[in-house]
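Chemist: Build me a structure from this.
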Amino acid sequence: KFGMGNGECEIESTPEPKTKSKRNIGEVTFPFFNMQTTEKYNFSVPIQVRMSDLDPFVHVNNGAQCNYFDFGRSAYFEEVFHKPIDWREMDMVLVHVEMDFREGIEFHDRIVCETRVLSIGNKSVKMMQQLLDTRTGMVKTTCYSVLAGFDRITHQSIPIREEYKKMFTEFESLPDDQQK
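Modeler: Next up, the predicted model:
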């Protein structure tokens, strides 16, 4: 158990698998959101690991991995929307990030950031990303995130644009029940 502001959260620990997960790991469970997803990605972008990303243990620092996911998310949007993203005009903001560090990333690992939309709501988009070592097929880190529609002038939440919903749905081949 640990405190979370005005309440507590209890996390059940699960035993570690005897063998390390490969790319096809089946279903992943997200306990905080009671969500399962199968691993299918239509988009990936290579990540350049830099010396400045390394921590004293010669692994990529957790903060640097957040940057990798930001880069992957931006590149994903540019691919789906067919144009460069101007974040000063983008009417979605990142409101939640949850990361699981499964295995350390080292300097010579060949990493790609795979990104996809899980579901689209009226005012939010749920995304899943993973950092994958292309040499070994090992998923090093996963990232679940939520973006919300946001009016940058009024600083109020707004619905996700219908054009965005259509582009996400077409790119991901999402079934109608994924738009909630």
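Chemist: where do the helices sit along this protein?
Modeler: Secondary structure of the chain (DSSP state H): helices at 62-81, 162-172.
Chemist: If we go by neighbour counts, what in the first one is buried?
Modeler: Buried residues in helix 62-81, counted by 16 or more other CB atoms under 10 Å: A64, Q65, Y68, F69, D70, G72, R73, S74, A75, Y76, F77, V80. Using the backbone N, CA and C atoms, a C-beta is placed for each residue, glycine as well.
Chemist: thought the fourth one was touching Q130?
Modeler: Going back to what we said before, that points to F69. No: counting by CB atoms under 8 Å, F69 sits too far from Q130 to count as a contact (9.2 Å).
Chemist: so what sits against both of these two?
Modeler: Common contacts of F69 and Q130, defined by CB atoms under 8 Å, 6 or more residues apart in numbering, comprise C113, C143.
Chemist: quick revisit: could the helices of the chain go into CSV alongside mean pLDDT and distance to C113?
Modeler: Formatted as CSV, these follow (pLDDT from 0 to 100; distance: least, CB to CB, whole Å):
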stretch, mean pLDDT, distance to C113
helix 62-81, 97, 3
helix 162-172, 96, 16
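Chemist: still on that earlier bit, could I get the buried residues of helix 62-81 in a markdown table, plus columns for distance to G104?
Modeler: Output for those, formatted as a markdown table (distance: CB to CB, whole Å):
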| residue | distance to G104 |
| --- | --- |
| A64 | 12 |
| Q65 | 10 |
| Y68 | 14 |
| F69 | 16 |
| D70 | 20 |
| G72 | 19 |
| R73 | 22 |
| S74 | 24 |
| A75 | 24 |
| Y76 | 24 |
| F77 | 28 |
| V80 | 31 |
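Chemist: Could you list the low-confidence segments of the chain?
Modeler: 1-38, 176-180 (pLDDT under 70).
Chemist: Find the centremost residue of it, please.
Modeler: Nearest to the geometric centre of the chain sits Q129, at 3.2 Å (CA atoms, centre = their mean).
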